[in-house]
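Chemist: Got a predicted structure here, sequence first:
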2 protein chains.
Amino acid sequence: MAVATASRVLSGSDHPVSARTRAKVLAAAAKLEYSPSALARAMVSPHSGLVGVLVSDIVNPYFAVIARGVDDVATRAGYVTMLSNVDRRTDTEIGRLRAMRDYRAAGVIFAGSGYVDDPRTPDLVKAVSRAREEGIRAVSLADRDLGCPTITVDNRAAAHDITDHLVSLCHRRIAFIEGPPGMTVTQHRRDGFLAAMSTAGLAEGAHCVPGGFDFEAGHAAAVRLMARPPLPDAVLAANDEVAVGALSALRQAGIDVPGEISVAGINDLRVAQHVGLTTVSLPLYEMGSMAARHIVESAQGEDAGDSATTTLSHRLITRETTARRTSTA
Amino acid sequence: MAVATASRVLSGSDHPVSARTRAKVLAAAAKLEYSPSALARAMVSPHSGLVGVLVSDIVNPYFAVIARGVDDVATRAGYVTMLSNVDRRTDTEIGRLRAMRDYRAAGVIFAGSGYVDDPRTPDLVKAVSRAREEGIRAVSLADRDLGCPTITVDNRAAAHDITDHLVSLCHRRIAFIEGPPGMTVTQHRRDGFLAAMSTAGLAEGAHCVPGGFDFEAGHAAAVRLMARPPLPDAVLAANDEVAVGALSALRQAGIDVPGEISVAGINDLRVAQHVGLTTVSLPLYEMGSMAARHIVESAQGEDAGDSATTTLSHRLITRETTARRTSTA
DNA sequence: TTGTAAGCGTTATCAG
DNA sequence: CTGATAACGCTTACAA
């Protein structure tokens, strides 16, 4: 019994093997509890069975949900997921991409948003392009021109839609707590907010304040808002965590939400359901799973070589932190 | 210039290479943007540069924090992290361990707790033992006898300590919302609660109710508690998420926390800080980073072959959801 | 100090 | 249908 024979049955090759031999191989493998080296297998394959995902911080539920989507389809397809935290550092992204490239990953998924005018982005783009030349699929989950397929949502429209909702509730003076400075997603969400306000003839009532992406940023922003009355009719936060932070600060100060002021977020993470936050639901899990599917499905054939953008749809979720404005002006 | 020479300089071998040659190699590598195949390198090494971590669900912040700890030290040490979600299924753990073993991982970390009397555990133990024979380090982050080093906390003591705190606040009738049925950690935390109550002469006042590990479980448990008055003086939840769920249900029902009833959790995740939850802080990040450190540090030498348990310390964190009982009996 | 060659565990190719 | 062998890209004896 030659190694080649064993390989043929164990790897599910379509090379003909007699039933008797096949059985013998299987029996031996079972007894030995043998399983082939994924490393050696990867050496002779176009790619290893590894799929990489680059997140800013896995502790951030936004990325955890994406990573879960990736891992679920990767695992089901017989792949193993590699994970790296890059803390929004483009240099780190380049470094981790290289590490995953060294393992000849089937593909790597860029989950995080980038910065506008980031001086390092061209280098990342170059690194992505080289990786793709080596047969590694790349997928971006945010609007940033990495020269690879993108699966994302329309952040501008998402912010626009929820702003419209707030406006429909008769709110006229609305504060927007922005995301981290310089991030593309920050800009897009702000743009959506501003555009919606403008269209509603409420440009005067639009008020952007600096924020971030975490609870503390939202809390602090709300505190600052309260320090300079009058309070707006509503506050829209760059994401759910920020909204919850703001909500918490407001209520701590004895302000009735949504009685005196409405609060809304974006993302619809678990926390939003828990506090009853009005928000817009983003298909994070689907983004992750779809990206992984793209990789494992194209892993056999040629890379389409495209850099098409797929935009998944979002959905307004109204809950208990927003209400129609009843009061004074 | 032979490949061996290049290997020697690029892999940082201590084999002597002339400065001139070394420079030439470095220059060539830089120009070609060459970086060695981690796959081929792994083929001839005792292990690949991969570190695996098995979590129940990365979306659960408990595991996300652990995974972050793992990845930080893995990355710093030049390794890449593999992640798998096992949804608390022992069979899945066995399967993913196998997958990681196939990649000759330097080590794999079992982040989740197991079940008491789990019929599949012996198979897992066997799988772990085989993996270790192949030189793969294994580390468990929970009290379960996997036959490998364990880095964990004393869940019994943690529950005991926070119960003591509640008792010191003059609460006598305390409800404990349990974790998922059958889990070891559920049992330990319940035991700690019960022991503390007993020691305080309050065995009568101890009341365990079924729960789970998520927000909904806590919410539902609190609703059930409210349906059968009188309300206890305090409720201790199996973890923070459950506590927050209970807190939310209680406050929704117009009950003053901590005025009428105190609420406490275990874990001290981000959410606990945000809602001001009294809880006990567990060194999750340290558990992950320490486990990874164990792996990357012992990866060169022999496996100690031990299965020693390291118990990290926890810390009571008192915040605003607990207060001294003032009222009636 | 440099080069040559063996070997790691697969799969694919080509003979038998 | 089965078997030998090359090749994948690296590191490490061993030779020169």
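Modeler: Thanks, I have the structure now.
Chemist: what about the helices in chain A?
Modeler: Applying DSSP state H to chain A gives helices spanning A:3-10, A:19-32, A:38-43, A:61-76, A:90-102, A:121-133, A:155-168, A:184-199, A:215-227, A:240-252, A:270-275, A:284-298.
Chemist: now the last one: how far from the chain's centre is it?
Modeler: On the basis of Cα atoms, centre = their mean, to the nearest Å, helix A:284-298 is displaced by 12 Å from the centre of the chain it belongs to.
Chemist: Take the helices of chain A and write them to a markdown table, including distance to B:G201 and mean pLDDT.
Modeler: Where C-beta positions appear, they are placed from N, C-alpha and C, glycine not excepted. As requested, these are exported to a markdown table (distance: least, Cβ to Cβ, whole Å; pLDDT from 0 to 100):
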| stretch | distance to B:G201 | mean pLDDT |
| --- | --- | --- |
| helix A:3-10 | 64 | 92 |
| helix A:19-32 | 58 | 90 |
| helix A:38-43 | 58 | 96 |
| helix A:61-76 | 42 | 98 |
| helix A:90-102 | 56 | 98 |
| helix A:121-133 | 64 | 96 |
| helix A:155-168 | 55 | 98 |
| helix A:184-199 | 57 | 98 |
| helix A:215-227 | 40 | 97 |
| helix A:240-252 | 38 | 97 |
| helix A:270-275 | 37 | 95 |
| helix A:284-298 | 50 | 97 |
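Chemist: Kindly reformat these as a markdown table and extend each row with distance to DNA strand D and mean neighbour count.
Modeler: As requested, the helices of chain A are arranged in a markdown table below (distance: least, Cβ to the nearest atom of the strand, whole Å; neighbours: other Cβ atoms under 10 Å in any protein chain shown):
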| stretch | distance to DNA strand D | mean neighbour count |
| --- | --- | --- |
| helix A:3-10 | 3 | 14 |
| helix A:19-32 | 4 | 12 |
| helix A:38-43 | 3 | 20 |
| helix A:61-76 | 23 | 24 |
| helix A:90-102 | 8 | 20 |
| helix A:121-133 | 13 | 16 |
| helix A:155-168 | 40 | 22 |
| helix A:184-199 | 35 | 21 |
| helix A:215-227 | 44 | 20 |
| helix A:240-252 | 43 | 25 |
| helix A:270-275 | 44 | 21 |
| helix A:284-298 | 21 | 22 |
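Chemist: would TSV of those with distance to B:C148 be doable?
Modeler: Formatted as TSV, those follow (distance: least, Cβ to Cβ, whole Å):
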stretch	distance to B:C148
helix A:3-10	28
helix A:19-32	23
helix A:38-43	22
helix A:61-76	23
helix A:90-102	26
helix A:121-133	36
helix A:155-168	45
helix A:184-199	42
helix A:215-227	37
helix A:240-252	36
helix A:270-275	32
helix A:284-298	30
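Chemist: residue contacts, the residue of the stretch 101-250 of chain A found nearest chain B?
Modeler: The nearest approach of the stretch 101-250 of chain A to chain B comes at A:D102, 3.9 Å away (Cβ to the nearest Cβ). Residues in contact with A:D102 (Cβ atoms under 8 Å, 6 or more residues apart in numbering or on different chains) are B:S35, B:P36, B:S37, B:A38, B:L39.
Chemist: how about a cut-off of 7 Å?
Modeler: B:S35, B:S37, B:A38 (Cβ atoms under 7 Å, 6 or more residues apart in numbering or on different chains).
Chemist: burial count for the second one?
Modeler: A count of neighbours around B:S37, defined by other Cβ atoms under 10 Å in any protein chain shown, yields 15.
Chemist: Now it. Nearest residue, chain neighbours left out?
Modeler: Among residues not flanking B:S37 along the chain, A:D102 sits closest, at 6.5 Å (Cβ to Cβ, 6 or more residues apart in numbering or on different chains).
Chemist: I'd like the distance between the closest residue to A:S289 other than its chain neighbours and DNA strand C.
Modeler: With Cβ to Cβ, 6+ apart as the criterion, A:S289 has its nearest non-adjacent residue at 3.8 Å, and that residue is A:G69. Computed as Cβ to the nearest atom of the strand, to the nearest Å, the A:G69 to DNA strand C distance reads 28 Å.
Chemist: Looks like A:G69 contacts A:G288 (just checking).
Modeler: Yes. Counting by Cβ atoms under 7 Å, A:G288 is a contact partner of A:G69 at 2.6 Å.
Chemist: mind giving me the domain ranges of chain A?
Modeler: Per the record, chain A has its domains at A:3-36, A:46-153+A:283-313, A:155-282, by automatic domain parsing.
Chemist: Nearest to B:S248, out of these?
Modeler: domain A:155-282 (6.4 Å; Cβ to Cβ).
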